[in-house]
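Trainee: sequence unavailable; structure follows:
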């Protein structure tokens, strides 16, 4: 990312993702490519029935596509309240 005024690279130390359960793993990890050191995920465990691929839900299940948020929750690595 670049600053509009100075045309210099802008660095972010942290990225916050809301509704993280609706993003694919690739979308969730993309900020890391740009040097973000901390990634904070917010999401709802109650909306598990929503798929990140609403037009092709069977394809998502068949290819094991899911969100990083859901996978971390399954591994009990996310606090759930």
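Mentor: It's in. Please read all numbers here as calculations on a predicted model, not as lab measurements. Numbering: from 1, shown residues only.
Trainee: which helix in the protein has the most residues?
Mentor: helix 25-33 (DSSP state H).
Trainee: what is the mean pLDDT for that one?
Mentor: Throughout helix 25-33, pLDDT has a mean value of 87.
Trainee: same deal with stretch 9-19?
Mentor: Averaged across stretch 9-19, the pLDDT comes to 86.
Trainee: try stretch 66-80
Mentor: 72.
Trainee: quick one: buried residues of it?
Mentor: Residues 66, 67, 68, 69, 70, 73, 78 are the ones in stretch 66-80 that count as buried (16 or more other Cβ atoms under 10 Å). Glycine gets a C-beta too; all of them are placed from N, C-alpha and C.
Trainee: a markdown table for these, including secondary structure and distance to residue 41?
Mentor: Shown next, in a markdown table, are these (DSSP: H, G, I helix; E, B strand; the rest coil; distance: Cβ to Cβ, whole Å):
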| residue | secondary structure | distance to residue 41 |
| --- | --- | --- |
| 66 | coil | 13 |
| 67 | coil | 9 |
| 68 | helix | 7 |
| 69 | helix | 5 |
| 70 | helix | 10 |
| 73 | helix | 10 |
| 78 | coil | 7 |
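Trainee: for these, which one is nearest residue 26?
Mentor: Relative to residue 26, the closest of those is residue 68; by Cβ to Cβ it sits at 8.9 Å.
Trainee: what ranges does this structure have for its strands?
Mentor: Using DSSP state E, the strands assigned to the chain run over residues 14-17, 38-41.
Trainee: I'd say residue 23 and residue 70 touch.
Mentor: No. With contact defined as Cβ atoms under 8 Å, residue 23 does not reach residue 70; the gap is 10.1 Å.
Trainee: before we move on, the earlier item: just put the buried residues of stretch 66-80 in CSV and tack on distance to residue 16.
Mentor: Below are these laid out as CSV (distance: Cβ to Cβ, whole Å):
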residue, distance to residue 16
66, 21
67, 16
68, 14
69, 13
70, 18
73, 17
78, 15
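Trainee: distance of residue 14 from residue 42?
Mentor: Residue 14 sits 13 Å away from residue 42, going by Cβ to Cβ, to the nearest Å.
Trainee: sorry, slip of the keys, the one I care about is residue 18.
Mentor: According to Cβ to Cβ, residue 18 and residue 42 sit 5 Å apart.
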